[in-house]
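>>> show me the folded form of this:
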Amino acid sequence: MRGCRSFCKLDHCVGLQRPQPAGSVRTRTAASPASLPFPIQPELYAVHPRLGIGASRERIVFMNFNDLQIDPAIKRAIADLGFSEPTPIQRAAVPPALAGRDVIACAMTGSGKTAAFALPILDRFTKSGPRRGIRALIVTPTRELAIQVHEHLEALGRHTGVSAATVFGGVKPAPQVRALRAGVDVVVATPGRLLDHMQQPWLSFDQLEVLVLDEADRMLDMGFLPDIRRILDRLPKQRQTMLFSATMPQPIVKLSRDLLVDPVRLDVERPSAPATGVSQAILPVQEKLKPALLLSMLRSEKIATALVFTRTKHRANRLYEYLDANGIKADRIHGNRSQPQRQAALKAFKDGCLQVLVATDIAARGIDIEALPHVINFDVPGQADDYIHRVGRTARASATGDALTFASPGEAKELAAIERAVGRRITRRTLKDFDYNARPEGRFEIPIGERIAAIRSRRAEERARARSKVEARATREAAAAAAPPRPPRQRRRRSQWSPASR
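Okay, here's the model as predicted:
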């Protein structure tokens, strides 16, 4: 074995242990093969000499969920959901996680990472019995992903009695406070709102046993890394930590070195790629004809449902308005929409009430939409990783799906970067009977200068109305002060004698 790169391409490197700094308080002894709660398949690994540990280890695999000696209540929930065979990431990550090992996993989007950490957490808490305090913390980058992870925990733990709560922004904190005060086993949270609650007495992680960072690279992209480090500073050092990510940029690798002890490494060196069931195609088109091409495709190819990604929130709004005006049932989700609006749109799309859901990259990570057949990139993503995460919304869990990308001449550079990342030239195709030389009807996108001018004009009008109201109120008050006081109203005294007594 020549170097660490070829070594890390194995399914996982259970024999790697990073030398610990002097005075480190985190130590852990790996479970012996005899004590593991599942069958093992021995396969000896030579440990890389730079990492210092010269002992052989054993590779652990399981072929179906019945091989795992997990709590029967969890197996019952797995059977209720119709799962029988684990995905590759579950097959690799669940056994070491059940043994209490730290895990760092880099896997394709849509590969089943949520169950890979949910099953070990549920089994651990079920077998150890109820205890006081929050025992697991799962941190996600977006509200939608937090809700999804919570739903999966509830589905897999429906027969276990393990409780969970979500903590995220965009909604009133009172229900979250009530849930935390009542006591839960697992908290699924986004970094910002979690830090807010951590300043209050009702949230304590003194009893924490497991920490999971899900979609860690997305948290890096969204600027959450400083928040993550502040959260880590307030957590117990003795814990099991699992880090899951679709890509593994250098800052995440550095974080993992500070965070994990003797981790099992899963596919860390494997380059990111779309799921194997995704059929990819590029549709070259002029920028101004993209809306008409999408409308024609939705009608001519009888696409029942499609998740359509745009570059900006403004383009998402404009595309939604265009589709709605042309009779297509659509909605949109992006950062300017409130949390109830986003949840309502996503639910309507999952329930089949919408043909198209228009989204920015807020939905590109972790959102699991069952049997989604089409993902359409209305705009070519600026980063190759974003492309992989977008098209990963289809062909999830070994299914198949189509990923179509509308590419204008001005997006050639971004397209070339994507093709280098996926390692091949993506097939080009055209839509039959579509007029690629047609003149567009009106403007699709309003230039940013005009939008800024319109916003300034609207705000100027609002300020003028506010001034007018203040001046009118002041005029009324001055007039009232200058007017002579009114004489007191005298009440008419009723006659002593009523008509009946006269």
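>>> from now on I want contacts and neighbour counts done on CA atoms only, so please keep to that.
Fine.
>>> contact partners for residue 436?
Contacts for residue 436 (CA atoms under 8 Å, 6 or more residues apart in numbering) come out as 285, 286, 289.
>>> by neighbour count, which of those wins?
Highest neighbour count within these, by other CA atoms under 10 Å: residue 289, with 19 neighbours.
>>> in contact with the nearest residue to that residue once chain neighbours are set aside, which residues?
Using CA to CA, 6 or more residues apart in numbering and skipping residues adjacent in sequence, the residue nearest residue 289 is residue 440, 6.0 Å away. Taking CA under 8 Å, 6+ apart, we find residue 440 in contact with 288, 289, 292.
>>> those into CSV, with extra columns for secondary structure, pLDDT and distance to residue 279?
Below are those laid out as CSV (DSSP: H, G, I helix; E, B strand; the rest coil; pLDDT from 0 to 100; distance: CA to CA, whole Å):
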residue, secondary structure, pLDDT, distance to residue 279
288, helix, 91, 26
289, helix, 93, 23
292, helix, 93, 23
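>>> residue 244 is in what secondary structure piece?
Per DSSP states H and E, residue 244 falls inside strand 240-245.
>>> report all helices and strands that that strand contacts.
strand 103-106, strand 210-213, helix 216-221 (3 or more CA pairs under 8 Å, 6 or more residues apart in numbering; DSSP states H and E).
>>> now do 10 Å
Packed against strand 240-245 by the contact rule (3 or more CA pairs under 10 Å, 6 or more residues apart in numbering; DSSP states H and E) you find helix 88-98, strand 103-106, helix 113-128, strand 136-139, strand 210-213, helix 216-221, helix 250-259, strand 264-266.
>>> just so I know, which of these lies nearest residue 449?
Across the helices and strands packed on strand 240-245, residue 449 has its closest neighbour in helix 216-221 (27.2 Å, CA to CA).
>>> next helix or strand past the closest one?
helix 225-233.
>>> could you dump that next one to CSV, C-alpha only?
The C-alpha trace of helix 225-233 is given here as CSV (Å, rounded to 0.1, in the frame of the first residue of the first chain):
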residue,chain,number,x,y,z
LEU,A,225,-18.6,26.9,11.1
PRO,A,226,-17.9,29.5,13.8
ASP,A,227,-21.3,28.7,15.3
ILE,A,228,-20.5,25.0,15.3
ARG,A,229,-17.3,25.6,17.2
ARG,A,230,-19.1,27.7,19.8
ILE,A,231,-21.6,24.9,20.2
LEU,A,232,-18.8,22.3,20.5
ASP,A,233,-17.2,24.3,23.3
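>>> list the helices and strands it packs on?
Checked by 3+ CA pairs under 10 Å, 6+ apart, helix 225-233 has helix 191-198, helix 216-221, helix 250-259 packed alongside it.
>>> could I get the buried residue list for the shortest one?
The neighbour-count criterion (16 or more other CA atoms under 10 Å) identifies 216, 217, 218, 219, 220 as the buried residues of helix 216-221.
>>> now for it, which elements pack on it?
Packed next to helix 216-221, using 3+ CA pairs under 10 Å, 6+ apart, are helix 225-233, strand 240-245, helix 250-259, helix 384-391.
>>> do the first one as well
With contacts defined as 3+ CA pairs under 10 Å, 6+ apart, the secondary structure elements packing on helix 191-198 are strand 164-167, helix 174-182, strand 186-189, helix 225-233.
>>> tell me which of those sits nearest to residue 460.
helix 174-182 (36.3 Å).
>>> output stretch 435-449 as PDB, nothing but the C-alphas.
Extracted C-alpha coordinates of stretch 435-449, given in PDB (Å, rounded to 0.1, in the frame of the first residue of the first chain):
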ATOM      1  CA  ASP A 435     -38.700  26.700 -31.800                       C
ATOM      2  CA  TYR A 436     -35.200  27.600 -30.600                       C
ATOM      3  CA  ASN A 437     -35.300  30.800 -32.800                       C
ATOM      4  CA  ALA A 438     -38.500  32.200 -31.400                       C
ATOM      5  CA  ARG A 439     -38.600  35.700 -29.900                       C
ATOM      6  CA  PRO A 440     -39.300  35.700 -26.200                       C
ATOM      7  CA  GLU A 441     -42.500  37.200 -24.900                       C
ATOM      8  CA  GLY A 442     -41.600  40.100 -22.600                       C
ATOM      9  CA  ARG A 443     -38.800  40.100 -20.000                       C
ATOM     10  CA  PHE A 444     -38.300  37.300 -17.600                       C
ATOM     11  CA  GLU A 445     -35.800  38.800 -15.200                       C
ATOM     12  CA  ILE A 446     -36.000  42.400 -14.100                       C
ATOM     13  CA  PRO A 447     -32.400  43.900 -14.000                       C
ATOM     14  CA  ILE A 448     -31.100  44.400 -10.500                       C
ATOM     15  CA  GLY A 449     -30.700  48.200 -11.100                       C
END
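>>> is the residue nearest the centre of the chain in a helix, a strand, or coil?
Geometric centre of the chain, nearest residue: residue 145, 3.4 Å, by CA atoms, centre = their mean. Here residue 145 is recorded as helix under DSSP: H, G, I helix; E, B strand; the rest coil.
>>> and the gap between it and residue 138?
For residue 145, the distance to residue 138 equals 11 Å [CA to CA, to the nearest Å].
>>> returning to that earlier point: just the CA coordinates for the strand holding residue 244, please, in PDB.
C-alpha atoms of strand 240-245 as PDB (Å, rounded to 0.1, in the frame of the first residue of the first chain):
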ATOM      1  CA  GLN A 240     -19.600   9.600  20.500                       C
ATOM      2  CA  THR A 241     -19.400  11.900  17.500                       C
ATOM      3  CA  MET A 242     -20.500  11.200  13.900                       C
ATOM      4  CA  LEU A 243     -19.900  13.600  11.000                       C
ATOM      5  CA  PHE A 244     -21.800  13.000   7.800                       C
ATOM      6  CA  SER A 245     -21.300  15.000   4.600                       C
END
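>>> would you mark the buried spots in that strand?
240, 241, 242, 243, 244, 245.
>>> return the member of these nearest to residue 82.
Nearest member of those to residue 82, counting by CA to CA, is residue 244, at 24.3 Å.
>>> residues contacting the closest one?
Residue 244 sits next to 103-107, 113-114, 116-117, 212-217, 266 when contact means CA atoms under 10 Å, 6 or more residues apart in numbering.
>>> what sits against residue 471?
For residue 471, the contact set (CA under 10 Å, 6+ apart) comprises 465, 477.
>>> kindly recompute the last result at 6 Å.
Residues counted as contacts of residue 471 (CA atoms under 6 Å, 6 or more residues apart in numbering): none.
>>> residue 426 falls within a helix, correct?
No - going by three-state DSSP, the assignment for residue 426 is coil, not a helix.
>>> just the pLDDT at it, thanks.
Here the pLDDT value assigned to residue 426 is 92.
>>> count the neighbours of the residue lying closest to residue 353 once chain neighbours are set aside for me.
Leaving aside its sequence neighbours, residue 353 sits nearest to residue 329 (CA to CA, 6+ apart; 7.7 Å). Residues contacting residue 329 under the criterion other CA under 10 Å number 16.
>>> for residue 329, give its distance to residue 69.
Distance from residue 329 to residue 69, counting by CA to CA: 47 Å.
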